[in-house]
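Colleague: I would like to see how this sequence folds:
(one chain, ligands or ions: 1)
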Amino acid sequence: MSDLTVLTSLFSIPNKVWFEERGELILLVVKTTKGKAVISLQGAHLTKWIPAGHKPVIWLSEDAEFKTGKSIRGGIPICWPWFGAHPDQSDLPAHGFARSQNWTLQSVDLNEEEDATITFEFDGGADYWPFNTPLSLCFVISDRLSMSLTTRNKSEQAITIGSALHTYFEISSVEQISIQGLENRPFIDTLDGNKRKTETTPITIDAEIDRIYLDEEDTCVIVDQSWQREIKIEKSGSHSTVVWNPWVAKSERMGDMGSAGYTHMVCVETANAANDVITLGPGAEHTLGVTYSVFTLTT
Ligand SMILES: O=P(O)(O)OC[C@H]1O[C@@H](O)[C@H](O)[C@@H](O)[C@@H]1O
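Modeller: Residues are numbered from 1 along each chain as shown. Predicted structure coming up:
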């Protein structure tokens, strides 16, 4: 039996939950009165979330490739067990390996209100990661989208983990939005020699931006005046927030951002990065969590 057949027989719910193939990958589709979501089994990577009555919240590149072993451009990649480049070995994949390997779907539940709870597990394995650190990821897809990523250290030694829920948000136009809630917070400007800076005003974007806000646990909001909406980002177990837009030249180098894709996305990532990585002792666990909710602006 194919993987698709097995998954369908175990988890599908007529007209509400089904599986599809796209390129080389298998996708789980959830469509309820609360909205629509799509999650790739590779990477447990959500590629679409459209809450009922709203425009899409999550951006996916028109040139995204659905290939074995390649992270999908857009959606919500799971960066783990390091964020960005590996601290010592530059030949290892950026943002770790969890985003480009298959996860195991554990459960799909739909309650009477049609809130969907979906859990995945990943054994945390790679040749160059000889530690027993299984991961689980739970999505709750409702009027809001919640995710919680739990790392368990089942090894005999302390292990340091960097991680991020690397969410690409869909926006009307990058020059029309602002990000509020990170004012007066220290950040590392990775485009300016990793200098530490602060800004007193909400973030607006008119050029490439790549910042890691540190010691930062507060809620922030993407305000999109053109689309008259706010996206609220409430997090837990996260001490860093990454703000990224590649703008023109970097998008061209990346090759899978689509034509002018950068104008319709911004990444605001719930992370533990740079100095904020988490060290787990033997037997310890840590959960990185986030909830996204969407509001219509009335002014
Ligand atoms: O191309 P990747 O590996 O998906 O990374 C995309 C971007 O991810 C962001 O989180 C980083 O801050 C950027 O520096 C990086 O370019």
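Colleague: and the pLDDT at the residue of the stretch 101-250 of the chain found nearest the ligand?
Modeller: Of the residues in the stretch 101-250 of the chain, the one nearest the ligand is residue 244, at a distance of 4.3 Å by Cβ to the nearest ligand atom. Placement of C-beta: from N, CA and C, glycine included. Looking at residue 244, its pLDDT stands at 98.
Colleague: assign it to helix, strand or coil.
Modeller: strand (DSSP: H, G, I helix; E, B strand; the rest coil).
Colleague: looking at it, it is touching residue 209, isn't it?
Modeller: Yes: under the criterion of Cβ atoms under 8 Å, residue 244 makes contact with residue 209 at 6.4 Å.
Colleague: contact residues of the stretch 151-299 of the chain facing the ligand?
Modeller: For the stretch 151-299 of the chain, the residues in contact with the ligand (Cβ under 6 Å from any ligand atom) are 166, 210, 242, 244, 254, 269.
Colleague: need those in JSON lines with neighbour count, can you?
Modeller: Listed next are these as JSON lines, based on neighbours: other Cβ atoms under 10 Å:
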{"residue": "166", "neighbour count": "24"}
{"residue": "210", "neighbour count": "18"}
{"residue": "242", "neighbour count": "26"}
{"residue": "244", "neighbour count": "19"}
{"residue": "254", "neighbour count": "14"}
{"residue": "269", "neighbour count": "26"}
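Colleague: distance of residue 76 from the ligand?
Modeller: 12 Å (Cβ to the nearest ligand atom, to the nearest Å).
Colleague: give the contact list for that residue.
Modeller: 45-46, 58, 147, 165-168 (Cβ atoms under 8 Å, 6 or more residues apart in numbering).
Colleague: same thing with residue 116?
Modeller: 17, 30, 32, 34, 37, 108-110, 139-142.
Colleague: ok, which stretches of the chain are helices?
Modeller: 3-11, 247-254 (DSSP state H).
Colleague: all strands of the stretch 101-250 of the chain, in order?
Modeller: Applying DSSP state E, counting those that start in this stretch to the stretch 101-250 of the chain gives strands spanning 104-110, 116-122, 135-141, 145-152, 159-161, 163-165, 168-170, 177-180, 187-189, 195-197, 209-213, 220-224, 229-236, 240-245.
Colleague: kindly reformat these as CSV containing distance to residue 294.
Modeller: Shown next, in CSV, are the strands of the stretch 101-250 of the chain (distance: least, Cβ to Cβ, whole Å):
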stretch, distance to residue 294
strand 104-110, 21
strand 116-122, 17
strand 135-141, 13
strand 145-152, 9
strand 159-161, 30
strand 163-165, 17
strand 168-170, 10
strand 177-180, 14
strand 187-189, 25
strand 195-197, 30
strand 209-213, 22
strand 220-224, 10
strand 229-236, 6
strand 240-245, 19
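Colleague: leaving out the residues flanking it, which one is nearest to the residue of the stretch 1-150 of the chain found nearest the ligand?
Modeller: Residue of the stretch 1-150 of the chain nearest the ligand, by Cβ to the nearest ligand atom: residue 94 (4.0 Å). Once flanking residues are discounted, residue 94 sits nearest to residue 85: 5.8 Å by Cβ to Cβ, 6 or more residues apart in numbering.
Colleague: for the one you found, give its distance to residue 297.
Modeller: Here residue 85 is placed at a distance of 38 Å from residue 297 (Cβ to Cβ, to the nearest Å).
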